[in-house]
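*Asks:* Next input, structure requested:
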Amino acid sequence: MLKILKMIAGNIVNAAATVRLPGRVPTPASFRGAVTLDPEKCLGCGMCSYVCVCGAITGSEQPKAYAWAYDPGRCTFCARCADRCPGHALSMSPDQMPCYEHPGELSTEHMVKFRPCAECGNPVRFASDEFIERAFDHVREDTRELLRLCERCRRRRLQRNMMPSVFFESKEKTQ
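*Replies:* Numbering: from 1, shown residues only. Next up is the predicted model:
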């Protein structure tokens, strides 16, 4: 017991014995670092937050944008989010994460604005051609056009297409 107390007292009195390595340790070739988002490519689909098992990526839909948040302190760096991103907006940084003292200190947030509707200008989620091809086998051009419209304009156009053309011609003549 006395030997242990002497060793503890000696450790407290003496300076640190850690020897720092010169420079920085090289990063391995297959290293996956922090997740970075390119807001221009982001579709706001939420697939990244859905596949993130540790909850490091969260997303919420706002009226005119998609709020994307990432906390590297919770991340396991598995790269599932980057692999599953239909817009290829996520990538893994090759740099090591800096040290942090408090949870959430390295968190980042982005507001991904929705694109305007082709007819009325209201915000609408954008579906890239690759995303459409993944979701559907064969897509006609008129369907692609519908996906660029907001829900209200999409319903209007579909209702117009369902009505006989005689109804619209007679209505135009009366006006």
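*Asks:* show me where pLDDT drops low in the chain?
*Replies:* Across the chain, the ranges flagged by pLDDT under 70 are 15-17, 19-21, 164-175.
*Asks:* Break down it into its helices, ranges please.
*Replies:* 2-13, 47-51, 80-84, 129-135, 141-146, 151-162, 165-174 (DSSP state H).
*Asks:* closest one to Gly33 among the ones you listed?
*Replies:* Gly33 sits nearest to helix 80-84 of all the helices of the chain, at 11.1 Å, using C-beta to C-beta. C-beta: built from backbone N, CA, C; applies to glycine.
*Asks:* For that closest one, enumerate the helices and strands it packs against.
*Replies:* helix 47-51, strand 90-92 (3 or more C-beta pairs under 8 Å, 6 or more residues apart in numbering; DSSP states H and E).
*Asks:* Now do the same contact list for the residue of the chain positioned farthest from its centre.
*Replies:* No residue in the chain sits farther from the centre than Leu2, which is 58.1 Å out by C-alpha atoms, centre = their mean. With C-beta atoms under 8 Å, 6 or more residues apart in numbering as the criterion, no residue contacts Leu2.
*Asks:* Over to the one 5 residues further on?
*Replies:* Contact analysis of Met7 by C-beta under 8 Å, 6+ apart lists nothing.
*Asks:* From Arg148, how far out is it?
*Replies:* To Arg148, Met7 is 72 Å away according to C-beta to C-beta, to the nearest Å.
*Asks:* Equivalent analysis for Ser128, please.
*Replies:* Counting by C-beta to C-beta - Ser128 and Arg148 are separated by 11 Å.
*Asks:* Equivalent analysis for Pro86, please.
*Replies:* Plainly put, Pro86 is 16 Å away from Arg148 if you go by C-beta to C-beta.
*Asks:* ditto for Tyr66
*Replies:* From Tyr66 to Arg148 the distance is 17 Å (C-beta to C-beta).
*Asks:* Give me the more crowded residue out of those two.
*Replies:* Applying other C-beta atoms under 10 Å to Tyr66 and Arg148 shows that Tyr66 carries more neighbours, namely 21 against 17.
*Asks:* residues near the residue nearest to the more buried one when sequence neighbours are not counted, how many?
*Replies:* Excluding its sequence neighbours, the residue lying closest to Tyr66 (C-beta to C-beta, 6 or more residues apart in numbering) is Gly44, at 3.2 Å. As a burial measure, Gly44 scores 23 neighbours (other C-beta under 10 Å).
*Asks:* How about the contacts made by Leu149?
*Replies:* With C-beta under 8 Å, 6+ apart, Leu149 has these contacts: 117-119, 124, 157.
*Asks:* ugh, typo on my part, it should be Leu147
*Replies:* Leu147 makes contact with 127, 132, according to C-beta under 8 Å, 6+ apart.
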